[in-house]
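In: fold the stuff below for me.
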Amino acid sequence: MTRYYPENDFPEAWKILKPFMLSDDALITIRNSMTRELLNGLGKDTHSRSSIPSWLSYVQQLPTGDERGRFLALEMWPSNCRIMLVKFSSENDIYMSSKSVIIPHTIAASRGTTLFNFLAHNIATFVRAKKVERDNLPMGIAFAFDLNKLSLDVGILIRWTQGYGAQSAIGKNVVQLLRNALDEFKDVKINLNSIVNISTGSLMALAWSCPECRIGLIVGLTTNAAYVEHVDECERFQEDTKYPLMIVNTDWGNFGSNGHLDFVRTEFDKIIDDESNNPGMKYYDKCISALNLGELVRLIIVRLIDMGVIFKGANMQSIGIRWKMEMKSILAIESDSPNVYTNAQKVMDKFGIYNCNERDLATLRFICKIVGLRSAKLVAAGLACLINRMNYPRISISVDGGVYRLYPTYQENLYKYTLMLTNPHNKFEIIASEDSPGVGAAIVAGLASTLSSK
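Out: Next comes the predicted model:
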């Protein structure tokens, strides 16, 4: 097998990909800009103009590891939901029973209360099967959509992602909408008392067994992070409190919408933004998340085919379709051993491009490598922003999401560049979360139940 040197062996691809190769100075600039935007999001007078809104979670306690009891949780994702019964019975013992449910497109796209009626029906079916329908167990929601939290049990829906049609829910409390739907099931008693975003749930889940956990990070279909802030820094929090901390949902996916990423956004990023359902928004997310990485790679491939550089004479019928290349194709290409292109050819076979020469497949892999590396570098800038901001001597970071878990070299690159961008005295470890965000939502439900009983 030939060893390729991209700058010399495929210079056209190198030239196109050069803007994706972020320098250390560029990453430092991004980290510093994110820090300023994070602080603006926390500020009372600057919040509305910040691209990182820094939403308050109203979760002010971290788990101690001594929590015991049974709790319910609902994980709500763009394409599916997961209903969970979680039992904390000892220091190291979590029993979890769950049911995953695909949300049909017809339900997601429906108007009015159809979606919440669907969720309530599945929750009722689950608790009946577990014979806890009359136990009035505390229940928390881990929610993957944008929320403005006003209290533990008030989360105002800001927007849905693509494909959701329940526009009447926007601006309303998600918890109350689900309560109303559950009220139709007279035999079911559930204490639905809290809602958190997915990254807060991830943070809380790891913190139960790892007291040093201070960040929950998601790098998958989307990206977000939650971290622990001093409550005195949360200017929009007006309540009297005895607790010194506040978990903050950064909602950092929108970073860059006010120009801070313009100097690194490529022509391909701009095409993706123009073709998206939310142009002008979520610039940071669109450079990082699984939903967009495949399309970035596809756009670059098509450009090189049009230039006559790779896959000469290729059938464009399939590869020319927008959003046709999924993240799993990139994972397969990157999972080949060095100088081996078996999986890369299988991916191209699916696009009707057969018998590719080795140089073209090497170019394809180089494209995937650079696009994936940029994603990891950008997440590292965000992580370093939070680590430096908190300034703890040592913390643990809970990470979930398919990009982090499945993308070869992503974990290594994320750690490498986060280390480069953090202050030397701030030590950290990055831990792939074994417990889902729903476990964290169950913990918050237990804390909320304890607070309400005092």
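In: I figured A109 hits W160, correct?
Out: No - at 10.0 Å, A109 and W160 do not qualify as touching, with contact defined as Cβ atoms under 8 Å. For every residue, glycine as well, the C-beta is placed using N, CA and C.
In: mind checking which of the two has more residues around it?
Out: Neighbour tally, A109 and W160, criterion other Cβ atoms under 10 Å: the higher count belongs to W160, 19 against 15.
In: now do the residue nearest to that one when sequence neighbours are not counted, the pLDDT please.
Out: On the basis of Cβ to Cβ, 6 or more residues apart in numbering, the spatially nearest residue to W160 that is not a chain neighbour turns out to be F145, at 5.9 Å. Looking at F145, its pLDDT is 91.
In: in the stretch 151-300 of the chain, which spans are helices?
Out: Listed in chain order, the helices of the stretch 151-300 of the chain (DSSP state H, counting those that start in this stretch) span 174-182, 198-207, 267-275, 283-288, 290-306.
In: quick one, which of these is nearest to I28?
Out: Using Cβ to Cβ as the criterion, the shortest distance between I28 and the helices of the stretch 151-300 of the chain is 16.1 Å, found for helix 283-288.
In: residues making contact with that closest one?
Out: Helix 283-288 has contacts (Cβ atoms under 8 Å, 6 or more residues apart in numbering) with 219, 222-223, 252-257, 261, 264-265, 269, 272-273, 276, 292, 374-375, 378-379, 382, 403.
In: I430 against N413, yeah?
Out: No - with contact defined as Cβ under 8 Å, I430 does not count as touching N413 (11.4 Å).
In: quick one, helices of the stretch 1-150 of the chain?
Out: Under the criterion DSSP H, counting those that start in this stretch, helices of the stretch 1-150 of the chain are mapped to 6-9, 11-17, 24-42, 105-108, 114-129.
In: ok, residues contacting the fourth one?
Out: Contacts with helix 105-108, where a contact means Cβ under 8 Å, 6+ apart, come from T114, L115, F118, G163, Y164, G165.
In: apart from its chain neighbours, what residue comes closest to the first one?
Out: For T114, ignoring the flanking residues on the chain, the nearest one in space by Cβ to Cβ, 6+ apart is I107 at 6.1 Å.
In: just give me the neighbour total for that neighbour.
Out: 17.
In: over to K15?
Out: Residues lying near K15 (other Cβ under 10 Å) number 10.
In: any shared contact partners between I430 and N413?
Out: Residues within reach of I430 and of N413 at once, by Cβ under 8 Å, 6+ apart: there are none.
In: so where is the stretch 51-200 of the chain shaky, pLDDT-wise?
Out: Along the stretch 51-200 of the chain, the model assigns pLDDT under 70 to residues 91-92, 162.
In: follow-up on the earlier one: export the helices of the stretch 1-150 of the chain to JSON lines and tack on distance to G313?
Out: Below are these laid out as JSON lines (distance: least, Cβ to Cβ, whole Å):
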{"stretch": "helix 6-9", "distance to G313": "21"}
{"stretch": "helix 11-17", "distance to G313": "17"}
{"stretch": "helix 24-42", "distance to G313": "38"}
{"stretch": "helix 105-108", "distance to G313": "37"}
{"stretch": "helix 114-129", "distance to G313": "47"}
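In: quick one: which of those helices is nearest N197?
Out: The minimum distance between N197 and those falls on helix 24-42, with 14.2 Å, by Cβ to Cβ.
In: kindly format the C-alpha coordinates of stretch 176-184 as PDB.
Out: Once side chains and other backbone atoms are set aside, the C-alpha atoms of stretch 176-184 remain, and they are given as PDB (Å, rounded to 0.1, in the frame of the first residue of the first chain):
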ATOM      1  CA  GLN A 176     -47.400  21.400  32.200                       C
ATOM      2  CA  LEU A 177     -48.200  20.200  28.700                       C
ATOM      3  CA  LEU A 178     -47.200  16.700  29.600                       C
ATOM      4  CA  ARG A 179     -49.000  16.900  33.000                       C
ATOM      5  CA  ASN A 180     -52.200  17.900  31.100                       C
ATOM      6  CA  ALA A 181     -51.800  14.900  28.800                       C
ATOM      7  CA  LEU A 182     -51.200  12.500  31.700                       C
ATOM      8  CA  ASP A 183     -54.300  13.700  33.500                       C
ATOM      9  CA  GLU A 184     -56.300  11.900  30.900                       C
END
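In: ok, residues contacting that stretch?
Out: Stretch 176-184 has contacts (Cβ under 8 Å, 6+ apart) with 74, 113, 116-117, 119-120, 123-124, 141, 154, 169, 188, 190, 192.
In: list the buried residues for it?
Out: L177, L178, R179, A181, L182 (16 or more other Cβ atoms under 10 Å).
In: just give me the neighbour total for the residue nearest to M316 when sequence neighbours are not counted.
Out: Nearest residue to M316, sequence neighbours excluded (Cβ to Cβ, 6+ apart): I305, at 6.8 Å. I305: 19 surrounding residues under other Cβ under 10 Å.
In: same check on the one 4 residues further on?
Out: For V309, the number of neighbouring residues by other Cβ under 10 Å comes to 17.
In: give the contact list for it.
Out: V309 sits next to F10, E12, A13, T363 when contact means Cβ under 8 Å, 6+ apart.
In: where does the residue nearest to the third one when sequence neighbours are not counted sit, in terms of helix or strand?
Out: In this structure, A13 finds its nearest non-sequential neighbour in T363, 5.0 Å apart by Cβ to Cβ, 6+ apart. Using DSSP states H and E, the secondary-structure element containing T363 is helix 358-390.
In: what pLDDT, on average, does that helix get?
Out: In this model, helix 358-390 has a mean pLDDT of 98.
In: that one: how far from the chain's middle?
Out: From the chain centre to the centre of helix 358-390 is a distance of 16 Å (Cα atoms, centre = their mean, to the nearest Å).
In: could you give the angle of that helix to helix 267-275?
Out: Angle, helix 358-390 to helix 267-275, by axes from the mean of the first three to the mean of the last three Cα atoms, to 10 degrees: 80 degrees.
In: who's in contact with the nearest residue to M327 once chain neighbours are set aside?
Out: Nearest residue to M327, sequence neighbours excluded (Cβ to Cβ, 6+ apart): A290, at 4.0 Å. A290 makes contact with G220, L221, M327, G401, G402, V403 under the criterion Cβ under 8 Å, 6+ apart.
In: and the two most separated of these?
Out: M327 and G401 (10.7 Å).
In: those two - which one has more neighbours?
Out: G401 (25 against 22).
In: ok, and the closest non-adjacent residue to the more buried one?
Out: Among residues not flanking G401 along the chain, G220 sits closest, at 2.8 Å (Cβ to Cβ, 6+ apart).
In: please report how far that neighbour lies from A144.
Out: For G220, the distance to A144 under the criterion Cβ to Cβ, to the nearest Å works out to 10 Å.
In: need the overlap of contacts for those two.
Out: By Cβ under 8 Å, 6+ apart, no residue touches both G220 and A144.
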